[in-house]
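# Fold the stuff below for me.
(chains A and B)
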Amino acid sequence: MDKLNFIYPEIFTSLSIMSLLILGVFKKNSSSLINNLSVLSLVGALILILNYPLEINLNLFNGGYKIDYLSSYMKILTILSGIFILITSSKFLKVLKLFQIEYPILILSSILGMMVMISSNDLIVFYLGLELQSLALYVLASFNRDQIKSSEAGLKYFVLSALSSGLLLYGCSLIYGFSGSTNFDQISSAMIGDQYGLTFGIVFILVGLAFKISAVPFHMWAPDVYEGSPTSVTLFFAIAPKIAALTVFIRFLYVPFINVIDQWQIIIIFLSVASMIFGAVAAIGQKNLKRLIAYSSIGHMGYVLAGICTGTNQGVQSSVFYISIYLIMNLGFFSFLFMLKKDNKYYEDMDDLSGLSKNHPLIALSLLIILFSLAGIPPLAGFFAKFYIFKAVIDQSMYFLAILGLLSTVIAAFYYLRIVKIMYFDQEKIIYDKDYNLGLKLTLIASTIIILFYFIYPSKLIEIVSKIEIII
Amino acid sequence: MLAHSFFFYIFSFIAIFSAIMVTVSKNTVHSVFFLILDFISISCLFIMIGAEFLGMIMLIVYVGAVAVLFLFVVMMLNVAQQKKQWFSSIGSSKHIPIGVLISVIIFFELIIVIGGWKFKPNVSSSLMLSPNIGISNTHSIGNVLYTDYIHLFQLSGMILLVAMIGAIVLTFRKRLGLKKQNYFSQISRERSDSVELKDVPTNKGVDLDG
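Numbers count the residues shown, from 1 in each chain, chains lettered A, B, ... in the order given. Next up, the predicted model:
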């Protein structure tokens, strides 16, 4: 246990969960305090990760837990998203009278589960991390329990997620049965020839993982759950679990099963193409902005999967790069949603945006930038994200996939631009309150600036991401 | 040996029979009882192969806690008597073809999987592992659970903690307008807090609010 100091971030997070829980029980009306302390403890975990050089590569707990550049980078992304979610959503929760001590604690425990998932190098560790994060997410989805839609979202997510966990466990049992180990490295050394059993195991596990990142055809839950949950939880759903599940995707496919790439590549290509096209087409008819962002996230996951299916380091790097930009864009979009408040009511329909530019020119401008970036219009950050994905795909001569991806980008641009049209050219309707709190302003401004001025200095993030080398 | 296989078949038969009865019995309470019977016979099977710890845990956790909880919920919710059997009701019978199709597909997948089974080269050596006779099952589980798998053990604890928080968040309701007795403030009450002496002038009366 001499390497225990490398899992200090996890230990610190779990200790702060427990101590904050105790504090919340004994101190009355301490919601704000606990919220701020949770942000602080996430910052602490971030510092503990950065405390060691990120380039280390070591296995802990008999190889079941891996600390390497990929895991550290993804953990930093997850923790950053957690921090921004907590600082943007406190006002929203206060208005909805949901500002309870359990909310930040559940977010923290979900992040702990994600950190375990990200570092997992073993099927059992991975599964326990997955359950820890989903269990907190079920509760968060139905956090607004007096509203029927929120309860529906929680129940729907719970039932479908339990089903996918069942499939995933079935896949795990097949892989264990045919390779004799749950450890990724040992599975990879136990691979002899192509065995049907292992292929079936991969398929079942991919089904479970695709459910978690809501890739088509396992996306049915996403629009309802996104719409029903409180908006701050929707934001969490839209980014954090996807980062964790993407890491598991990469590690699971590239460590044990990179030699049988012909077995799983076609599955990932199908998931990717279906998600890109479905995400673009189904979003066109949506009226509710949260449903729209659900379909948009389905589409974006399609692009991420397109990077993974190449089977190269470059593809993985482009996927990781894409999800980082996706995180920034979603943070901006949702902090915009938190600003649509009037008389203690939040608006989330597309019609509520009409004529927004007349009374709120600055917010409208930043939403314009975020939407253009989501649509992938140069020279914004979203364009670069898509560019690297397509570059990685074309380098592997998968022209078909690149063409379909580009086509669905064009279709998807339609609904992003329609929001811009409603915002800038329609009759003005509602004047919203302007009492934004600091975290909200900070998040919106920061994400807009990063998206807008990314092209000036694009090499830094690429440099960071290009250190991820999963295939040696 | 004969007695061993005799009991094995008895318990297996009871397990399969009661598992079928869980799904087909009309009364939900009967279903739960058959579930308990199923758990008990499976734990007997566990004990027969020498896994006495798993068998006892199965009895304690599944029969003692989970199934009894089920029983309570079923009785509380008053759904004991299902009016329509779900096989014969019109609403659900149209899903049967899809269900049958999926089951057939999974069945053939299983056949393919078992047909393609190849043993690992060194699997027979691990089958021949001679267990240490001196250490009981419980001991050997403890030996790995608290050393090699300590992180998983701790993580399961966190999962249970989150489950507990979740259950409280979703069901606990603060009751408003509740009058509580505070012993400390009752005891520490002074005479001067509640009794006020006033001089009452004749024919004037007292201003009560003042």
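
# Could you list every helix and strand that the longest helix seen in chain A packs against?
Secondary structure of chain A per DSSP state H: the longest helix is helix A:148-179. Packed against helix A:148-179 by the contact rule (3 or more CB pairs under 8 Å, 6 or more residues apart in numbering or on different chains; DSSP states H and E) you find helix A:123-141, helix A:184-190, helix A:196-212, helix A:221-228. C-beta here means a position set from N, CA and C on the backbone, and glycine is covered the same way.

# can we see that at 6 Å?
helix A:123-141, helix A:196-212, helix A:221-228 (3 or more CB pairs under 6 Å, 6 or more residues apart in numbering or on different chains; DSSP states H and E).

# Number of residues surrounding the residue nearest to A:Ser161 when sequence neighbours are not counted?
Leaving aside its sequence neighbours, A:Ser161 sits nearest to A:Ser134 (CB to CB, 6 or more residues apart in numbering or on different chains; 5.4 Å). Burial of A:Ser134 is recorded as 22 neighbouring residues (other CB atoms under 10 Å in any protein chain shown).

# got it, and A:Ile79?
Residues contacting A:Ile79 under the criterion other CB under 10 Å number 25.

# Hmm, it is touching A:Leu42, no?
Yes. Under the criterion of CB atoms under 6 Å, A:Ile79 makes contact with A:Leu42 at 5.3 Å.

# Show me which residues of chain B sit near chain A.
Contacts of chain B with chain A, taken as CB under 6 Å from any CB of the partner chain, map to B:112-113, B:116, B:120, B:148, B:151-152, B:155, B:158-159, B:162-163, B:165-166, B:169-170.

# where's the dip in pLDDT among those residues?
Lowest pLDDT of the residues of chain B next to chain A: B:Lys120, 56.

# Just the pLDDT for B:Asn78.
At B:Asn78, the pLDDT recorded in the model is 68.

# Repeat that for B:Lys204.
Confidence at B:Lys204, expressed as pLDDT, is 79.

# can you check the one 4 residues further on too?
As predicted, B:Leu208 sits at a pLDDT of 70.

# and it, which of the three is it?
Under DSSP: H, G, I helix; E, B strand; the rest coil, B:Leu208 falls in the coil class.

# and the gap between it and chain A?
Using CB to the nearest CB, to the nearest Å, B:Leu208 is found at 35 Å from chain A.

# for chain B, what are the nearby residues on chain A?
Where proximity means CB under 6 Å from any CB, the interface of chain A facing chain B comprises A:14, A:61-62, A:102, A:109, A:124, A:128, A:131-132, A:135-136, A:139, A:145, A:180, A:195-197, A:200.

# Of these, select the buried ones using a PyMOL command.
Selection of the buried residues among those in PyMOL, burial being defined by 16 or more other CB atoms under 10 Å in any protein chain shown:
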select buried, chain A and resi 14+61+102+109+124+128+131+132+135+136+139+195+196+197+200
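
# Let me know the distance separating the residue nearest in space to the middle of chain B from B:Leu59.
The centroid of chain B falls nearest to B:Val66 when counting by CA atoms, centre = their mean (3.6 Å). Distance, B:Val66 to B:Leu59, using CB to CB, to the nearest Å: 11 Å.

# same check, this time on A:Phe384
Computed as CB to CB, the A:Phe384 to B:Leu59 distance reads 60 Å.

# Looking at those two, which is more packed in?
Legend: neighbour count by other CB under 10 Å for A:Phe384 and B:Leu59, higher for A:Phe384 (21 against 17).
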